[in-house]
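Visitor: Sequence first, then the predicted structure, then my questions.
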Amino acid sequence: MKLCIIIPAYNEDTTICAAVFSAYRAGMKPEDVYVVDDASTDGTADLADQMRANVISLSHKGKAGAIKWVLDHCDLSRYDWIGVLDADSTLSDGYLRAMEKGMARHPDAVVLCGAPRSSPYNWLTAWRAVEYAISLGIYRQAQAAMSAITVAPGCASLYRADTFKSLDFSGGTLVEDMDWTMQIHRRGLRLAYVPDAVVSTQDPGTISDYIGQISRWYRGTWQVMKRHRLCRHTQPIDWEMGLLAGEGLLFAVCVALLPLFLWFAPLVTGTVLVLDQVLLLSITLLVALRLRRWDILMAFPLFSIPRVCNTFVFLSTFVTSLRTTAITPWFSVRRRIA
């Protein structure tokens, strides 16, 4: 297996060294790591150069444009697989070993999806750790079995080189990794999930950053659904996206109407809320035990805040998507020193 990693970076001087070093620690050689400095105004390029990675400096093209430039102008013909790593993320030491086993188990797959994990910071990142555990441990496992993986995470996936080069990188959405995933599905190609290929990533540490990130994700999701006419075909991914969107909208409407439910049926509504919290607490405890992170359990009382944010942002972006498909400005989460 011959593999390279592309790391698009814009003003990532606080995290780029950790990202590059994690690739080396996982088994990558410097000549196989490409850092694309997308017109940074800080020391990103210099730091990556000091780390001996291949540094490519461009005028500002955005993440997808920067990757496309590398695919078009760098000689990557010697590589069988191409990975993309976000500059705020780090590969686990066993990432490449896990991916090699994944290639052996899934020889027909053109994309291998790893498992993102939230880097510890505060109660918000503790919540995101629980979200990842639910989405990867329950939803992603089922999606893989049904050939309906909704997103090959941009910070934790490998693509067969020939397939990756043939994708459309022209944009049109705020979630390029989901757009690429749908292109793979529409071609009838297979994605596989490799749960042991862990990548740690920085998640928002403030509510404003959290809302900004999920707003981009949800707006992008509606854009992808329109662009690829999801729910209008009979592929498994169409059924899965329809079920997820319907589930999310139903839950969001129920949360928005919660005051009315409490007014007209306080006992039933109260019982449902208690059961919901008991279930979430059980999941939180299991995640804390598995990751050996007691900060996750301690943060549990605050988890209702991001959950409510999720539902209202999901609903509002859906309403907005009915009126326009315009691309809003890209939102970047503020970085912390890695």
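Guide: Looks like it came in fine.
Visitor: Give me the nearest residue to the spatially most central residue of the chain, chain neighbours excluded.
Guide: Geometric centre of the chain, nearest residue: P153, 4.1 Å, by CA atoms, centre = their mean. Spatially, and ignoring its direct neighbours in sequence, P153 is nearest to P116 (5.1 Å; CB to CB, 6 or more residues apart in numbering). Backbone N, C-alpha and C define where each C-beta goes, glycine included.
Visitor: A strand includes the one you found, no?
Guide: Yes. Secondary structure of P116 (DSSP: H, G, I helix; E, B strand; the rest coil): part of a strand.
Visitor: The longest strand along the chain pairs with which strands, and in what direction?
Guide: Longest strand in the chain by number of residues, with DSSP state E as the criterion: strand 190-201. Looking at strand 190-201 with DSSP bridges, its paired strands and their directions are strand 89-91 (antiparallel), strand 109-118 (parallel).
Visitor: hang on, the earlier thing: quick check: phi and psi on the residue nearest to the centre of the chain?
Guide: Backbone torsions for P153, taken as degrees, to the nearest 10, come to phi -60, psi 130.
Visitor: So which of the strands paired with strand 190-201 has the densest surroundings on average?
Guide: Ranked by average neighbour count under the criterion mean count of other CB atoms under 10 Å, the strands paired with strand 190-201 are headed by strand 89-91 at a mean of 26.
Visitor: just to revisit the earlier point, could you dump the strands paired with strand 190-201 into CSV and include distance to R160?
Guide: What follows is these, written out as CSV (distance: least, CB to CB, whole Å):
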stretch, distance to R160
strand 89-91, 19
strand 109-118, 4
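Visitor: would JSON lines of the ones you listed with mean pLDDT and distance to T206 be doable?
Guide: Output for the strands paired with strand 190-201, formatted as JSON lines (pLDDT from 0 to 100; distance: least, CB to CB, whole Å):
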{"stretch": "strand 89-91", "mean pLDDT": "96", "distance to T206": "19"}
{"stretch": "strand 109-118", "mean pLDDT": "96", "distance to T206": "15"}
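Visitor: re the thing from before, so the residue nearest to P153 sits right up against T201, yeah?
Guide: Yes. Taking contact to mean CB atoms under 8 Å, the distance of 5.3 Å between P116 and T201 places them in contact.
Visitor: tell me, what's touching those two both at once?
Guide: Counting by CB atoms under 8 Å, 6 or more residues apart in numbering, the contacts common to P116 and T201 are S89, C155, A156.
Visitor: which intervals of the stretch 201-338 of the chain have sub-threshold pLDDT?
Guide: Low-confidence segments of the stretch 201-338 of the chain, defined by pLDDT under 70, span residues 324-332, 338.
Visitor: show me the contacts for R219.
Guide: Contact partners of R219, counting by CB under 8 Å, 6+ apart, are L174, T317, T320, S321, T328.
Visitor: want to try CSV for those, with distance to M1 and neighbour count as columns?
Guide: CSV is the format used below for these (distance: CB to CB, whole Å; neighbours: other CB atoms under 10 Å):
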residue, distance to M1, neighbour count
L174, 32, 22
T317, 39, 20
T320, 43, 16
S321, 40, 17
T328, 39, 14
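Visitor: Among these, which ones are in strands?
Guide: The strands in this structure, assigned by DSSP E, contain none of the contacts of R219.
Visitor: Take these and write them to a markdown table, including distance to H73.
Guide: Putting the contacts of R219 into a markdown table (distance: CB to CB, whole Å) gives the following:
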| residue | distance to H73 |
| --- | --- |
| L174 | 25 |
| T317 | 35 |
| T320 | 37 |
| S321 | 35 |
| T328 | 29 |
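Visitor: W217 touches D177, doesn't it?
Guide: No. The pair formed by W217 and D177 falls short of the contact definition of CB under 8 Å, at 10.2 Å.
Visitor: Of those two, give the one with the bigger neighbour count.
Guide: Here W217 and D177 are set side by side on neighbour count (other CB atoms under 10 Å), and the busier one is D177, at 21 against 18.
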